[in-house]
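A.B. asks: only the shape, not the letters, is given here:
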Ligand code: UTP
C-alpha cells in the first residue's frame, strides 16, 4: 500500500536549544535560508506523500503561517518583478495538503503521535521528527516507504551510532535481511550499557500501521513519565516484527546546537551562490585553530 500521509511532530519544548527556542519553534530554525521543517516537508513531497499533519503546541502558529499563502508579500514580489522568489513562496503553500493539530501538553513523542489519530484514520502513515533534518539524493522517508511497500510491516529509520549516543536514543535487536535492511524483533529506549542489543538506533523517521494508536492508548508512560513512541514500537516489533532501514543521507539534529552549526556549513557549501566564499572563510578560520 502506498503511503499518502505524514505526521511531523513539532510540539516539543526544545530545551536544548534555548534561548533560540524560547519564542520561536526550534523546527523553524533556518538552515541557510529555509526553516528546518520545510526541508522535512519537502522530503515528504519528494516521496510522494500528499497529506501532512504537523503537531504543534502553544506559540508555534508561525509554522502554520510559513506553510500558508502570504498575499501582501506575493503582491510586493510580483510588483518588483522577483518572479522566481514569488514562485518559491507559492510552492511552499501548495506543495502538500497541510493540516495542524495541537498537543495541549508535552507528554512525549508517543503522545504527539496519538494526537494524529483522527487525521490518520485506518491506513499506514509516516512519522518524521520535526527537528531531524536528513539531506541526501534519495529522500530518507522514500527509502522507508519502499520498505513498507515491500514487506507490509512497520518500518524504522535506523543508523549505527556510538555507544554514548545509543544510551541517549534507543537500541535495536536486529538481524540482516538484505542490503541496508534489517528485521527488528525487539528494542529498548535509552538503554543502560547492559541493555544494549546493538548500536543501531531509531533516528527521526518511521512508517507505522494504524494499530499503533491502540498500543499507544494502552501502554503506560515510560522514561521521564512521558508516553514514549519507542515503547509502542517495541510492542509492535515483538508482535509482528518491524523492518529497519539503514537509510542513506546525512542527518542533522536541529534540537542540538552542534547539529545546527553542522547543517549550516554543509548546506552552505552545497549552494552554488555561497560555496566559494564560504569555503574560503572556513579555510581561513581553520588555519587559525
Ligand atoms: P525531542 O526529543 O527533541 O524533545 O523531540 P523536545 O522536548 O522537543 O526537546 P528537548 O529535549 O527539550 O531539547 C523530538 C521531536 O518530537 C517533538 C519535538 O518537537 C521534536 O520535533 N515532540 C516531543 C512533540 O511533538 N511532543 C512532545 O511531547 C515531545
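C.D. replies: Now that the structure is in, tell me what you want to look at. Computed from a predicted model, the values in this text were never measured in an experiment.
A.B. asks: sec struct for residue 175, please.
C.D. replies: Secondary structure, DSSP: H, G, I helix; E, B strand; the rest coil: residue 175 is strand.
A.B. asks: wait, it touches residue 197, no?
C.D. replies: No. With contacts counted by Cβ atoms under 8 Å, residue 175 stays clear of residue 197, the gap being 10.8 Å. Heads up, the C-betas are built off the backbone N, CA and C, glycines and all.
A.B. asks: neighbour count winner among these two?
C.D. replies: Neighbour comparison, residue 175 and residue 197: the larger count goes to residue 197, with 17 against 11 (by other Cβ atoms under 10 Å).
A.B. asks: how much space is there between that one and residue 173?
C.D. replies: 4 Å (Cβ to Cβ, to the nearest Å).
A.B. asks: which residues do those two both contact?
C.D. replies: Both residue 197 and residue 173 are in contact with 186, 187, where contact means Cβ atoms under 8 Å, 6 or more residues apart in numbering.
A.B. asks: all helices for the stretch 1-150 of the chain, in order.
C.D. replies: Taking DSSP state H, counting those that start in this stretch as the test, the helices found in the stretch 1-150 of the chain are 36-46, 61-66, 71-79, 83-94, 109-114, 117-120, 140-151.
A.B. asks: and the ones you listed: which comes nearest residue 13?
C.D. replies: Closest of the helices of the stretch 1-150 of the chain to residue 13 is helix 109-114, at 11.7 Å (criterion: Cβ to Cβ).
A.B. asks: got a list of contacts for that closest one?
C.D. replies: Outside helix 109-114, the residues within contact range by Cβ under 8 Å, 6+ apart are 7, 9, 11-12, 55, 103, 105, 127, 129, 208, 212-213, 216-217, 219, 222, 226-232.
A.B. asks: for stretch 248-264, same thing?
C.D. replies: By Cβ under 8 Å, 6+ apart, the residues outside stretch 248-264 that reach it are 12, 14, 16-17, 26-27, 29, 31-32, 36, 131-140, 143, 159, 180, 203-204, 266.
A.B. asks: can you confirm residue 273 is in a helix?
C.D. replies: No. Applying three-state DSSP, one finds residue 273 to be coil, outside a helix.
A.B. asks: now it: how far from residue 285?
C.D. replies: From residue 273 to residue 285 the distance is 20 Å (Cβ to Cβ).
A.B. asks: same check, this time on residue 33
C.D. replies: Distance of residue 33 to residue 285, given as Cβ to Cβ: 21 Å.
A.B. asks: one more: residue 165?
C.D. replies: 27 Å.
A.B. asks: which one of these two is surrounded by more residues?
C.D. replies: In this view residue 165 and residue 285 are compared by other Cβ under 10 Å, and residue 165 has more residues nearby, 13 against 9.
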